[in-house]
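Visitor: structure, please.
(chains A and B)
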Amino acid sequence: MNFIVEMQGITKRFGVVEANQGIDFDLKPGEIHALLGENGAGKTTLMRILYGLYRADEGEIRVAGKPVVIHSPKDAIGLGIGMVTQHFTLVPPLSVVENVALGQEGAVTLDLDQMRQRVVDAAKRFGIEIKPDALVRHLSVGERQRVEILKSLYRNARVLILDEPTAVLVPQEVEALFQTLNKLRESGMALVFISHKLNEVMELCDRITVLRDGKKIGTVLRGETNEAELARMMVGRETFGVVRPAERRGGEVRLKLDKVNALDKKGLPALKNISLEVRAGEILGIAGISGNGQSELAQVLSGMLKPVSGTVWVDGKDMTGASPADFAAANIGRVPEDRHSGVVGDLSVAENLVLEHLEEFSRNGMMDYASVQKFAQKMIEDFQIKARPQDPIRTLSGGNMQKVLLARALAHKPRVLIVAHPTRGLDIGATDYVRSKLLEQREAGTAILMISEDLDEILALSDRIAVMYEGRIVGIVSGRRATPEVLGMMMSGALEVDYAEA
Amino acid sequence: MEAFLVGLIAATLRVATPLILGTLGELFSERSGILNLGIEGTMFLGAFTGFAVAYLTGSLWLGLLAAVLAGMLAGLLMGLFTVTLGVNQHVSGLGITLLMTGISLFLYRVIFGERSVQPSIPTFPKVSPFGDTPVLGPIFEQYLLTYIAIALVPLVWWLLYRTSFGLRLRAVGENPEAADAAGVNVFRIRYIALAIGGGLMAAGGAFLSLAQLGSFIFGIIAGRGWVCIALIIFANWIPSRVLWGALLFGGVSALQLRLQATGAQLPYELFLALPYLVTILALVLAGRSAAAPAALLKPYRRE
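Guide: Predicted structure coming up:
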């Protein structure tokens, strides 16, 4: 077998986390090899090792049969390995030609015509369409990606790694990219396609290696597998500790969204016709791979992002476009996505606990520190927070910080609770504690909307599960009937379920 | 009127010379991503070194060479702080200015001691390509350094836009990650840019002591370094516009001197402030569209 790249027993640790555990991976000329897995499965880490951005702690890499040590991208480029990352390494005010030739100019003085000719020739040879004289800052994302690909080819890459190349593209650009990649495959190049989208992998790739939690689950040929099998390989895993007692249809509708559309920071549609409702005493899980609109949904529900159309009701009251203060006043509790941005690091635990309701702890603009202290003590006891009220919150562990945020959100007996990634990065003990608190709230009749990427969590807690993909809800299924395979296929756009089913 | 204009234009070129040199120096530095606020001190160091070496050796050219070398060292020191150690660029630059000013004054005392009469040297002679021709003759009767400064403008443009070093320099100042990924040594490019920049700044300072004054005094730079910082923004980091900016400031400076001499019944401080007011005005008008190198002020660290 003449492999161009062989990686054997690759292990990479970040602190105590093993991002890659003894992974084997190989690559043949003239194939597109998919690396499939959820976020955090270790796909990008493995390829960053091959490209010299990380050093493996254990394992061996061979290129064209010879053992190699790759210290830096420069070494990788020297071995004919190129990588197109999600963050492009282009210089926006320079032209396409200048970007491609940068570092490979050939002489002390620049012969601009010759440099241009060489780049144009290379583009033609590989069938990549570019605008040689345009400044990169005027190009679309898809055009920039082509420049990035050409940059690697111009450096004589025989192996090209593409890290989730379709994540930033619109559908037409995806089609053009696939044509380019097919052409490169025919020319005998070896391509690695990192993705978590089943349909794309099935359309494009020859072999598929699935990673999960840093381990290799297996390598399959496209012709011998199907999307359901891949989904199972991607997400299937052991069972979990805390589970909701039984499924139920909740009480009255507390939160309702009707055809909500919203734009992201770049002005692109992030939420497309989102309609859902959450009832008192139920948990609606929002599943999906991050970046499919969940952040924007949470922002709309906290008043941080104004929808461009559609309606948001809370307790039957129209709250569309209301301010964050209005949402807080309507007693919507919220546990934010990034817990570090939800707290003020240098303020104490006690101060952070009262931050959202200062008016209750102050008189005539003066803080009533005695009652703040009393409140903080009570919260610390109720929520088993391992800290003193006066400790700066940045000194707390992730789990304790999350408990502070949870305490702050639950202290006011919210009517609706929005939680995003409630247990991300927490250890098992803290995870179980946070989940049991959420179930307690559900028992108490709170309407809970829980955004999570963790399918265990979604399946363990949700009465109903809505799956988001590319800004849409591709289906709402009941927690009882959902399986990891079905959710996995929905999350990667391979399956849509009729709304009415749940 | 003709004599007035001729004198004004000639003075404009003279006043603009150290500004052209200093701003071109700052251009190199900032195009690589480093704001060098050490410019005021580096010009001061250049003025002192040039004067001292010329005084001791009797050679103006040796003095100029020594000034340029000293400025390059000051640039490299700035590189040690900002490129290698990643220290805040504002703090490093102001530190360099204080340090270079202090070192220059200290060495001046060591070499020349306390004197009742300022030591002085003969200055660079002026060259006069048009001889006694009316108008052209007096306008172009200038120091050689003025011609060199003006000739440097297209040279710097060529270096930036027509050499591989220039392409790499621009890339490093805009997106060091991209340059690094393309195999460009970001650190080396920044050091080189700071050294060239420091040398040019010091040459600007040396022009004042070696050509214009023939002596060295404490107020010799008088904020010209800070003017260069404003001019680089006005120039939008483009070499040709450095020339126009420096000529504009030089022109207003020369004009206010002549307005003072007309004996107008206004406080002379008002005239002195004129060039700075025009600079601020020009900055407000031109600065809005100015696009600084994207990596300016950001230390580069490999992950």
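
Visitor: what residues does the stretch 51-200 of chain B put near chain A?
Guide: B:161-168, B:170-171, B:174-175, B:177-184 (CB under 8 Å from any CB of the partner chain). To be clear about C-beta, it is placed using only N, CA and C from the backbone, and glycine gets the same treatment.

Visitor: can you select the buried ones among those residues for me in PyMOL?
Guide: Provided next is the PyMOL selection string for whichever of these are buried by 16 or more other CB atoms under 10 Å in any protein chain shown:
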select buried, chain B and resi 163+164+165+166+167+168+170+171+174+175+177+178+179+180+181+182+183+184
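
Visitor: look up phi and psi at residue B:290.
Guide: phi -60, psi 140 (degrees, to the nearest 10).

Visitor: residue ranges of the strands in chain B, please?
Guide: Applying DSSP state E to chain B gives strands spanning B:126-127, B:142-143.

Visitor: lowest mean pLDDT across those, which one is that?
Guide: Here the lowest mean pLDDT among the strands of chain B goes to strand B:126-127, at a mean of 91.

Visitor: so what strands line up beside that one?
Guide: Neighbouring strands of strand B:126-127 in its sheet, by DSSP bridges, are strand B:142-143 (antiparallel).

Visitor: do you know which of the strands of chain B lies nearest residue A:252?
Guide: strand B:142-143 (88.2 Å; CB to CB).

Visitor: now do that closest one: everything it contacts.
Guide: Residues outside strand B:142-143 that contact it (CB atoms under 8 Å, 6 or more residues apart in numbering or on different chains): B:10, B:13-14, B:17, B:123-127, B:207, B:211-212.

Visitor: what's the distance between that strand and the middle of its chain?
Guide: 17 Å (CA atoms, centre = their mean, to the nearest Å).

Visitor: with stretch A:264-276 instead?
Guide: For stretch A:264-276 - counting by CA atoms, centre = their mean - the centre lies 16 Å from the chain centre.

Visitor: export it as PDB, just CAs?
Guide: Only the C-alpha atoms of stretch A:264-276 are listed here, as PDB (Å, rounded to 0.1, in the frame of the first residue of the first chain):
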ATOM      1  CA  ASP A 264     -26.100  37.600  13.100                       C
ATOM      2  CA  LYS A 265     -23.300  40.200  13.600                       C
ATOM      3  CA  LYS A 266     -22.300  40.100  10.000                       C
ATOM      4  CA  GLY A 267     -25.900  40.800   8.900                       C
ATOM      5  CA  LEU A 268     -26.400  37.300   7.600                       C
ATOM      6  CA  PRO A 269     -29.600  35.400   8.500                       C
ATOM      7  CA  ALA A 270     -29.000  33.500  11.700                       C
ATOM      8  CA  LEU A 271     -32.500  32.500  12.700                       C
ATOM      9  CA  LYS A 272     -35.000  31.500  10.000                       C
ATOM     10  CA  ASN A 273     -38.600  31.300  10.800                       C
ATOM     11  CA  ILE A 274     -38.200  29.900  14.300                       C
ATOM     12  CA  SER A 275     -41.500  28.900  15.800                       C
ATOM     13  CA  LEU A 276     -41.700  27.000  19.100                       C
END
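
Visitor: tell me which residues in it are buried?
Guide: In stretch A:264-276, counting by 16+ other CB under 10 Å, buried: A:264, A:269-272, A:274, A:276.

Visitor: sorry, back to before: winner for burial among the strands of chain B?
Guide: strand B:142-143 (a mean of 20; mean count of other CB atoms under 10 Å in any protein chain shown).
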